[in-house]
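[1] quick check, what structure comes out for this input:
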Amino acid sequence: MERQPAIAVIRQRWVAGQKRSRRVAKVALFGQHTRLRAVPGKADALVTKFLEAAKLQHENRACQLIVAGRSTTEEHTVHLVEIWSSEEDWERARNSDEIKAWAADMPGLVDAQPESVTFDVAGGRGLAI
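    Presented below is the predicted three-dimensional model:
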């Protein structure tokens with residue numbers, strides 16, 4: 001078996017990587033990071049509430065990821081990260097009767113307007129890209 005020169009192997013790998021990159025670029029996942037200030041003493045309850053929402057979306061294939069947790073530096077701050085197949089899928093889930101009912105007691109847990117940032121997801125471990 002004849003060995004290829006190192007430069008040929010490097011070029012093949014580079015070309016293969018470019019093809020994979022182009023495939024990934026065609027997928028446009030929707031991401032959102034939200035920072036919320038909980039009512040003092042309610043941060044754990046707010047995290048638990050978001051974990052309930054994650055369970056509600058368990059069978060929803062459009063929901064790629066929901067992560068909720070408390071800040072390690074701000075006592076009453078909770079972070080939520082969501083990744084969805086599309087913004088439309090996120091909107092559809094958000095406006096469903098199930099989520100509207102789930103959200104009914106949120107005003108008693110949140111102390112200020114949430115701060116959200118949306119982003120296009122480039123990729124990551126565990127995502128169906």
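
[2] ranges for the strands of this protein?
    According to DSSP state E, the chain carries its strands in the segments 29-37, 63-70, 77-84, 115-121.

[3] pick the most deeply packed of the ones you listed.
    The highest mean neighbour count among those, using mean count of other C-beta atoms under 10 Å, belongs to strand 77-84: a mean of 20. C-beta coordinates here come from the backbone N, C-alpha and C atoms, glycine included.

[4] run me through the strand neighbours of that strand, direction for each.
    Note on strand 77-84: by DSSP bridges, its sheet partners are strand 29-37 (antiparallel), strand 63-70 (antiparallel).

[5] for my notes, please list the ones you listed in JSON lines and give mean pLDDT for each entry.
    Shown next, in JSON lines, are the strands paired with strand 77-84 (pLDDT from 0 to 100):
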{"stretch": "strand 29-37", "mean pLDDT": "97"}
{"stretch": "strand 63-70", "mean pLDDT": "96"}
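
[6] can you lay out the ones you listed as CSV showing distance to residue 79?
    Formatted as CSV, the strands paired with strand 77-84 follow (distance: least, C-beta to C-beta, whole Å):
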stretch, distance to residue 79
strand 29-37, 6
strand 63-70, 6
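
[7] out of those strands, flag the one nearest residue 49.
    Closest approach to residue 49 among the strands paired with strand 77-84 is made by strand 63-70 (8.3 Å; C-beta to C-beta).

[8] give me the below-cutoff pLDDT ranges for this structure.
    Counting by pLDDT under 70, the chain has low-confidence residues at 1-27, 129.

[9] would you map the helices across it?
    6-26, 43-56, 87-94, 97-102 (DSSP state H).

[10] who's in contact with residue 81?
    Taking C-beta atoms under 8 Å, 6 or more residues apart in numbering, we find residue 81 in contact with 31-34, 65-68.

[11] could you give the bridge partners of it?
    residue 33, residue 67.

[12] ok so, going back, for the contacts of residue 81, which one is nearest residue 48?
    Nearest member of these to residue 48, counting by C-beta to C-beta, is residue 68, at 8.5 Å.

[13] show me the contact partners of stretch 93-108.
    39, 42, 49, 52-53, 56-57, 60, 62-63, 84.

[14] can you give me the buried ones in it?
    Using 16 or more other C-beta atoms under 10 Å as the test for burial, stretch 93-108 gives 93, 102.

[15] thank you, goodbye.
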